[in-house]
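[1] Could you work out the structure for the sequence below:
(one chain, ligands or ions: 1)
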Amino acid sequence: MSVWINEEECTGCEMCIDSCPYPGAIVMEDDVAKITEKCTSCGACEEECPTGAITVEKVEDTKAVNLEDYEGIWAYIEQRGGKVNPTSYEILGEARRLADQLGTHVGAVVIGSEVSHLTDEIISYGADKVYKVEDSVFENYNTDPYTKAMVELIQEYKPEILLFGATFDGRDFASRIAVRIDTGLTADCTELSIDPETRNLEQTRPAFGGNIMATILCPTRRPQMATVRPKVMDAIEPDSSREGEVIEFNSSASESDLRTKILDIVEYAVETEKLEDADIIVSGGRGLGNPDGFETIKDLAQTIGGAMGASRATVDAGWIPHHHQVGQTGKTVKPKLYIACGISGAIQHLAGMQTSDTIVAINKDPEAPIFEVADYGIVGDLYEVIPILKAELQKALGKEAG
Ligand code: FAD
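    Model prediction:
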């Protein structure tokens, strides 16, 4: 325990309890504050205590690095089969904005078996330097050799910030690297900013089930690492006249680092457009009543050329696979049109879709929270509303009714 209460000084005003983000971490006993095992030593109470009765013992970081040795903001460019994941250009755009504020350069790391053709494009999206690691061992993303290569790059070039897309591969990769190099990692950020004085990266992400936004710092270790949710940052407009340097890096990673082998890659069949790329999304929730309800959702989505989304309640019930889930623990989407059918509008669902350009909600409960974010609300049974909506949309699109 590194938080101490001076019982003589404590007046029992309970301001420390009000300031504490962790319920039950401070309790009152005989009008004196007591720290429990739920305390995380965050220090929020120390600043609030009007009598100075609280002392938070600062623990020295024995693995702190010399911050001045580190420079530049890097983005990991995720590619598969020689094609860049669009999320990488979003984080590269963010790296560009942050680097311009700090007056430093932007580095982009691309690893693969054939990636040379990508370097010009990466520079056009904002990189000053591209670190290219090319070898047959990197043909498919594989945690062990990729980690070895990135750790070697970090040790040689020492970036002060390193960003990844919060994709399946990005989440796997970033966490392994952070452990190897003894630094912090904030997962799933929705906002990044810089304190220009300390050069600390302010990494903001939803916490406590999306009820608060936490801003996390990594003040004593480098690089500062974060994964960033797809679709929350904007790529910059590519400029093919931009110039940059390509640095070829030879990693010591080899076949002997492959502890798992990819035998086959099977693409799942998608009957509607991919969720992340769709301009139109029709999503279904528990209000569908049963898994067959998704046939109605799919039918409407296909009619208007959209993708099919879902709430977590329906995914948890096994009605639809997880890759359709929208929300805090699913995908973040930003289509031009989002139609929510039988979805209540829990905060965790809203976290993944509330920045959509236009939101239409269909719900039989006029008090459903989804109506608070909806541009257009239709109160009614979705099984009555959707056929009418579909027929009207078909007319508007000049399609045959079916
Ligand atoms: P419900 O809340 O049960 O709502 C069903 C709605 O359908 C109701 O509003 C009802 O009025 C309406 N309805 C019923 N019948 C009809 C009908 N015939 N016609 C029209 N309307 C009808 N949820 C997500 O969606 N995505 C996430 O990523 C996510 N992450 C989470 C992470 C955490 C840590 C936690 C704790 C929760 C998370 N959740 C997430 C779950 C979330 O809190 C809700 O439980 C979930 O979104 C509810 O799904 P729903 O709206 O489909 O169901």
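[2] Show me where the stretch 101-250 of the chain has its strands.
    106-112, 129-134, 161-165, 185-189, 191-195, 200-207, 212-216, 224-228, 245-248 (DSSP state E, counting those that start in this stretch).
[3] now, of those strands, which is deepest in the fold?
    Stretch with highest mean neighbour count among the strands of the stretch 101-250 of the chain: strand 161-165 (a mean of 29; mean count of other C-beta atoms under 10 Å). Glycine gets a C-beta too; all of them are placed from N, C-alpha and C.
[4] strands paired with it, and their directions?
    strand 73-77 (parallel), strand 224-228 (parallel) (DSSP bridges).
[5] now residue 359: how far from residue 394?
    21 Å (C-beta to C-beta, to the nearest Å).
[6] Looking only at neighbour counts, state which of these two leads.
    Per other C-beta atoms under 10 Å, whichever of residue 359 and residue 394 has more neighbours is residue 359, with 22 against 15.
[7] quick revisit: want to throw the strands of the stretch 101-250 of the chain into JSON lines with mean pLDDT?
    As requested, the strands of the stretch 101-250 of the chain are exported to JSON lines (pLDDT from 0 to 100):
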{"stretch": "strand 106-112", "mean pLDDT": "98"}
{"stretch": "strand 129-134", "mean pLDDT": "98"}
{"stretch": "strand 161-165", "mean pLDDT": "98"}
{"stretch": "strand 185-189", "mean pLDDT": "95"}
{"stretch": "strand 191-195", "mean pLDDT": "96"}
{"stretch": "strand 200-207", "mean pLDDT": "93"}
{"stretch": "strand 212-216", "mean pLDDT": "89"}
{"stretch": "strand 224-228", "mean pLDDT": "97"}
{"stretch": "strand 245-248", "mean pLDDT": "98"}
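[8] for those, which one sits closest to the ligand?
    strand 200-207 (9.1 Å; C-beta to the nearest ligand atom).
[9] Could you check the pLDDT of residue 305?
    Residue 305 is assigned 91 on the pLDDT scale.
[10] Residue 282 is in contact with that one, correct?
    No - if you go by C-beta atoms under 8 Å, residue 305 and residue 282 don't touch, sitting 10.5 Å apart.
[11] Give me the more crowded residue out of these two.
    Taking neighbours as other C-beta under 10 Å, residue 305 and residue 282 compare with residue 282 leading, 31 against 12.
[12] Is that one located within a strand, as I assumed?
    Yes - counting by DSSP: H, G, I helix; E, B strand; the rest coil, residue 282 is located in a strand.
[13] how about the strands of the stretch 101-250 of the chain, which one is nearest residue 37?
    Taking C-beta to C-beta, strand 200-207 is the member of these nearest to residue 37, at 19.9 Å.
[14] for that closest one, packing partners?
    Packing partners of strand 200-207 (3 or more C-beta pairs under 8 Å, 6 or more residues apart in numbering; DSSP states H and E): strand 185-189, strand 191-195, strand 212-216, strand 224-228.
[15] Do a quick rundown of the helices in the stretch 251-400 of the chain.
    293-303, 312-316, 347-350, 370-373, 382-397 (DSSP state H, counting those that start in this stretch).
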